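Colleague: generate a structure from the sequence data that follows.
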Amino acid sequence: MNKYTNKQKKRPPKRSPRQANTVRFPLPFVMLLCWMRSYAGDEECSCGASPDYEINSFVDAEGLLEADGPGEKDQLLLSSLEQQRNGAFAVYQTFLVCRQHALQLFTDLYGEQDAQQALSPLLLGISNLTVTVGREITTAKSPHGTLQVSYTNATTVSEVIEAHTGYAVTKIPKRSSAE
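Modeller: Next up, the predicted model:
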């Protein structure tokens, strides 16, 4: 009779409701960096030209541009990685830029090689595509990974996330705004 009693005591503890609702993505994980699409509005690029693209950044692009060295840049990217791993996908910033400034902005944010690879279809004049750029992260301690570029007709944040990561998005957490 004691045998059965001992087996019952070895059950794993039940999950708390908080753990059950947290979305944790397994590694490898694709950290979304940005998505770009053609722009045909009335606003201007900072140089005064008509903007060709709208770039929506999923990371703190302004912080990355102002980072003092690669160490600080890595810390900002790791912070974004952790937020995205916890299911918080949000567009931090939107840039309207001409073709030349799209390449310059992307090079400043992510490096020359990544910029050339990610923007090549746009620079060749292919339009009406949404280009989603991310990195496949294989270790949670480093934001560096294989560049992932996908091309879709996605027009909303949830469509972009689904197309790029393969994860269905039912609800995107809203960021609270301090007023």
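Colleague: is it fair to say residue 144 lies in a helix?
Modeller: No: counting by DSSP: H, G, I helix; E, B strand; the rest coil, residue 144 is not part of a helix but coil.
Colleague: when you give positions from now on, start the count at 27
Modeller: Okay, residue one is now 27; in that scheme the one you just asked about reads as residue 170.
Colleague: quick one: the strands in this protein?
Modeller: Along the chain, counting by DSSP state E, strands occupy 55-64, 79-83, 119-123, 156-163, 172-178.
Colleague: contacting residues for residue 167?
Modeller: Going by C-beta atoms under 8 Å, 6 or more residues apart in numbering, residue 167 touches residue 104. (Each C-beta comes from the backbone N, C-alpha and C, glycine too.)
Colleague: now do 10 Å
Modeller: Shown in contact with residue 167 (C-beta atoms under 10 Å, 6 or more residues apart in numbering): 100, 104, 107.
Colleague: do the same with residue 131
Modeller: Each residue near residue 131 by C-beta under 10 Å, 6+ apart is listed here: 60, 72, 79, 81, 83, 87, 91, 121, 123, 141, 145.
Colleague: so how many other residues sit close to the fifth one?
Modeller: Look at residue 83: counted by other C-beta atoms under 10 Å, it has 23 neighbours.
Colleague: same check on the last one?
Modeller: Number of residues near residue 145 (other C-beta under 10 Å) recorded here: 21.
Colleague: verify the contact between it and residue 126 for me.
Modeller: No: assessed by C-beta atoms under 10 Å, residue 145 is found out of contact with residue 126, at 11.0 Å.
Colleague: in this structure, where's the longest helix?
Modeller: For the chain, the helix with the greatest residue count under DSSP state H is helix 95-111.
Colleague: what's that one packed up against?
Modeller: With contacts taken as 3 or more C-beta pairs under 10 Å, 6 or more residues apart in numbering; DSSP states H and E, helix 95-111 sits against strand 55-64, helix 87-92, helix 125-136, strand 156-163.
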